[in-house]
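[1] Got a predicted structure plus its sequence, pasted below:
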Amino acid sequence: MNGGRAGPGLRCLVTGATGYIGGRLVPELLAAGHQVRCLARSPQKVSGHPWAAEVEVAAGDVTRARSVADALRGMDVAYYLVHALGTGRDFEETDRAAARIFGEQAQAAGVRRIVYLGGLTPADVPERELSPHLRSRAEVGRILLDSGVPTTVLRAAVIIGSGSASFEMLRYLTERLPVMVTPRWVRTRIQPIAVRDVLRFLVGSATMPYDVNRAFDIGGPDVLTYRDMMVKYAAVAGLPRRGIVSIPVLTPRLSSLWIGLVTPVPPSIARPLTESLRHEVVCRDRDIERYVPAPASGPIGFDEAVRLALQRVRDAQVTTRWSSASPPGAPSDPLPTDPDWAGGSLYTDRRELVVDASREALWRVVEGIGGENGWYSLPLAWAARGWLDRLVGGVGLRRGRRDAQRLRVGDSLDFWRVEEIEPGHLLRLRAEMRLPGLAWLELYVEQDENGRTRYRQRALFHPHGLLGHAYWWGVSPFHALVFGGMARNIARAAARAPRTGPAEPRPTQ
């Protein structure tokens, strides 16, 4: 250690490693020569990342002191990249309790630095007048700064990068609405930052001098209104200039519902984002550059950040998405594989077919399901179900896929989430649409005793109360069309596909 700085090869704990920022930070830390341990509530979600074999994984939850203590043991630097955004009305208390646990356990473990990514707050607005989202992020930063462990709090406004919630909101609003009637927050000044610069600051913060214990504002070189950002996005994307008219009557709640209908971002996420845009969020200083100098080319500007993000989207190289951080089912939720299914009633729709194709061709179709590839039966019915889900505050179908061909555990897939994947054999999806119960969809690729390729499909539903039972029996008459058609069309797509190369993904009815 020289000059009060930690040397290379630091032992770093990353919380939120399966989320949007954490999933991108881990490979950057590895590239910088650090050792990485990931704290994950669902360790299997880490396994699908290309860097999984290079890290240690600790199972645990930031709200449980014992698991946090175990994960922090032996660590030099701890990255706190979790928050309870969109998880319910009590998210502020959850954030507060988790931050206290983390700070206390980091001090007890002898951690040398905590690094936290929070939100940029306006200088002239009392904290009590901030949105609940920004207020909670500010409070978490204070708790960590007061923990007794030297802490770096990085405060960012809008992060521009492929897959970020802010970028997808901007992208879909601009691309889908050539003429927009918008709320007045589109005239609020913002200092966006490219995700690459956020990662640079996060990695660089690990080696700050031990006497640094403070917050830093981080932002790109451009200060823009949200309206400016939409106009610039259209120019970079090669779209005609957008017509934008702002009106004062759209409240954050109405804005979030409107965004939920137009973009993949559901109202539960859109509302805190839009509430955060009510106030000007511009960096008050650039003190961070004393410790993490800017590259010779300078920080990335807004236009270049958009260009880079769009290129990754077009090249299907979106490594993480905002929806990666959505909470999984509760640990107490039963699984469809439980023996005799102790969780109660379990309704099942089974389909099984012999397929005139290789197992490899059939698996390519199975793994490519959803998103732009569709669900292989009654596209209008699936679309209607997605719209209905959006209208009642669910995620709908617009989340799509992170990658057009490959899936990994934890990926969002329209209104499903990948719960388990055994390459070449099993894809299990857990429903995240609004339902009076729990639902799964299982797709199997197998070989029978005669050497034939066999496709097996199960839709499972665990009802909650009488409404759940009524829901299943109300929709069961349509299962032959939806699930039966799905099985037949998947089999046909696999049979038509070339023996090598990608299988045909499009639904046929």
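    Nice, I can see it.

[2] I'd like the distance between Val46 and Gly9.
    Distance, Val46 to Gly9, by Cβ to Cβ, to the nearest Å: 21 Å. Using the backbone N, CA and C atoms, a C-beta is placed for each residue, glycine as well.

[3] Now Thr151. Its backbone dihedrals?
    The phi/psi pair for Thr151 (degrees, to the nearest 10) reads phi -130, psi 140.

[4] Tell me how many other residues surround Gly298.
    Around Gly298 there are 10 other residues, counting by other Cβ atoms under 10 Å.

[5] Same check on the one 10 residues further on?
    Counted with other Cβ under 10 Å, the neighbours of Leu308 add up to 17.

[6] other SSEs contacting the host helix or strand of it?
    Remark: Leu308 resides in helix 302-314, with elements defined by DSSP states H and E. Counting contacts by 3 or more Cβ pairs under 8 Å, 6 or more residues apart in numbering; DSSP states H and E, helix 302-314 packs against strand 159-160, helix 165-176, strand 193-194, helix 195-205, helix 226-237.

[7] Extract the residue ranges of the chain that are flagged as low pLDDT.
    For the chain, the stretches flagged by pLDDT under 70 are 1-8, 84-89, 180-183, 246-262, 264-272, 315-317, 321-345, 499-509.

[8] contacts for the lengthiest helix in it?
    For the chain, the longest helix by residue count, based on DSSP state H, is helix 91-108. For helix 91-108, the surrounding residues in contact (Cβ atoms under 8 Å, 6 or more residues apart in numbering) are 15, 62-65, 68-69, 72, 78, 80, 82-85, 87-88, 114, 132, 135-137, 139-140, 143-144, 146-149.

[9] next one: stretch 30-38
    In this structure, residues lying in contact with stretch 30-38 by Cβ under 8 Å, 6+ apart are 8-15, 17-18, 22, 26, 29, 46, 51, 54-58, 71, 75, 77, 203, 206.

[10] Wait, a helix at Pro27?
    Yes - counting by DSSP: H, G, I helix; E, B strand; the rest coil, Pro27 falls inside a helix.

[11] what about it, neighbour count?
    Applying other Cβ under 10 Å, we find 17 residues neighbouring Pro27.

[12] repeat for Pro50
    Counted with other Cβ under 10 Å, the neighbours of Pro50 add up to 9.

[13] Kindly report the same for Gly148.
    By the measure other Cβ under 10 Å, the count of residues near Gly148 is 12.

[14] Look up how far Ile143 lies from the closest residue to it other than its chain neighbours.
    Distances taken as Cβ to Cβ, 6 or more residues apart in numbering put Gln107 closest to Gly148, at 4.5 Å, once the chain neighbours are dropped. Distance of Gln107 to Ile143, computed by Cβ to Cβ: 12 Å.

[15] Which one's more surrounded, these two?
    When neighbours are counted by other Cβ under 10 Å, Gln107 and Ile143 differ, and Ile143 comes out ahead with 22 against 14.

[16] how about the host helix or strand of that one: buried residues?
    Ile143 belongs to helix 132-145 when elements are defined using DSSP H and E. Neighbour counts over helix 132-145 (16 or more other Cβ atoms under 10 Å) mark 132-141, 143-145 as buried.

[17] Dump those residues into CSV; add distance to Ile190 as well.
    Listed next are the buried residues of helix 132-145 as CSV, based on distance: Cβ to Cβ, whole Å:
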residue, distance to Ile190
Pro132, 19
His133, 15
Leu134, 13
Arg135, 18
Ser136, 20
Arg137, 16
Ala138, 17
Glu139, 22
Val140, 21
Gly141, 19
Ile143, 26
Leu144, 25
Leu145, 25
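
[18] Just give me the closest of these to Ala497.
    Among the buried residues of helix 132-145, His133 lies closest to Ala497 (Cβ to Cβ), at 45.6 Å.

[19] didn't that closest one look like it was pressed against Thr274?
    No - under the criterion of Cβ atoms under 8 Å, His133 makes no contact with Thr274, lying 9.7 Å away.

[20] how far away is the nearest residue to Leu435 once chain neighbours are set aside from Met433?
    Using Cβ to Cβ, 6+ apart and skipping the chain neighbours, the partner closest in space to Leu435 is Tyr471 (7.0 Å). As judged by Cβ to Cβ, Tyr471 and Met433 stand 12 Å apart.

[21] Ser164 now?
    From Ser164 to Met433 the distance is 23 Å (Cβ to Cβ).

[22] Let's verify the residue located most distally from the centre of the chain: helix, strand, or coil?
    Distance from the C-alpha centroid of the chain peaks at Asn450, with 42.8 Å (Cα atoms, centre = their mean). Secondary structure assignment for Asn450 (three-state DSSP): coil.
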